[in-house]
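A.B. asks: I need the structure of the sequence given here:
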Amino acid sequence: MLSLLYVLVSGIALPIGGVQMQYLWRNQLGDVYSLGLGSAACLGAAAATMSGWCSLTVGSFICTLICTAVCFFVTLKVSTQHLITFGILFGTFIGSLGTIVVTNAPNADLLKQYYIWGAANFNLEGVTTQDIIFSLILYAIGLGAAIWTARSLTKHMKGELELSNMYKALLLLAIMFLVTSAVSICGPIGFISLGVPNLSRILCKSTDIRKHYLISSAMGIGLLLVTYLVATHVNFWGIYLPISATMAIIALPLMAIPFIKNS
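C.D. replies: Here you go, the predicted structure:
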């Protein structure tokens, strides 16, 4: 049951976070991992796994929060265009630190544990009740903020309203809560935070972000559910199928839709 719960949480949190980033940046390449949040989550998870100083979930959240705090203050000072560039460079830096931590893993078992998490799964191995409660609190805060700011983001996307840097910085913090609620438990899951919001905007031409919340969430849950069932019940000669890689294969035909439509 908990696995299915996080299929729902991830299927909603990541697409909605992706839609918010696209509206915030007025750019279809906006993604929840663009500011280094994915790299930060991996660094925190790696540090927690290798050292045992806290649970993987808490380590992932703490490091992501630090990364977001840096982005928060940068957002107060720079334009959105420069923020994207900063995010790419900062994410590379955080990813390098994560590589150093993982390379110096004390033993192979810890290394395997980290890599299974990093490839994404819904097995929830080693996840405690406290981790689940903490994650769901983050999810509730992030989802509530997404609904609360929907009208302002829609006006911002249409050019009717220019959000202040402080508003953008606070919104980034809320997006981080939403994304971390899924990533800290299940690991980084690609495609649905970038590809699904773009598919939603192709299927529905409305600029009302609330419609895209609903459409992208439905597609995200559907894709993750199919991926989860395939990874859990399809056995290719005993090969382990991580969620992130399996989803990329399943979603490949969907990725062609934007290019076909544009043609």
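A.B. asks: Look up how far G59 lies from the residue lying farthest from the centre of the chain.
C.D. replies: Largest separation from the mean C-alpha position in the chain: W237, at 30.8 Å (Cα atoms, centre = their mean). Applying Cβ to Cβ, to the nearest Å, the value for W237 to G59 is 34 Å. C-beta here means a position set from N, CA and C on the backbone, and glycine is covered the same way.
A.B. asks: Could you do T75 as well?
C.D. replies: Counting by Cβ to Cβ - T75 and G59 are separated by 24 Å.
A.B. asks: Next: L153.
C.D. replies: 31 Å.
A.B. asks: Could you do V183 as well?
C.D. replies: Counting by Cβ to Cβ, the gap from V183 to G59 is 12 Å.
A.B. asks: which one of those two has more residues nearby?
C.D. replies: V183 (32 against 23; other Cβ atoms under 10 Å).
A.B. asks: Find the nearest non-adjacent residue to the more buried one, please.
C.D. replies: Nearest residue to V183, sequence neighbours excluded (Cβ to Cβ, 6 or more residues apart in numbering): A41, at 4.8 Å.
A.B. asks: Quick check: that neighbour touching C63?
C.D. replies: Yes. A41 lies in contact with C63 (Cβ atoms under 8 Å); the separation is 6.7 Å.
A.B. asks: okay, the two: which has more neighbours?
C.D. replies: Counting neighbours by other Cβ under 10 Å for A41 and for C63 shows that A41 has the greater number, 31 against 26.
A.B. asks: List the buried residues for the helix or strand hosting the more buried one?
C.D. replies: Per DSSP states H and E, A41 falls inside helix 37-51. Using 16 or more other Cβ atoms under 10 Å as the test for burial, helix 37-51 gives 37-50.
A.B. asks: Repeat that for stretch 233-247.
C.D. replies: 241-244, 246-247.
A.B. asks: Now flag whichever of these is closest to P188.
C.D. replies: S244 (6.8 Å; Cβ to Cβ).
A.B. asks: Report the separation between the closest one and G118.
C.D. replies: From S244 to G118 the distance is 8 Å (Cβ to Cβ).
A.B. asks: any shared contact partners between the two?
C.D. replies: The overlap between the contact sets of S244 and G118 (Cβ atoms under 8 Å, 6 or more residues apart in numbering) consists of 187-188.
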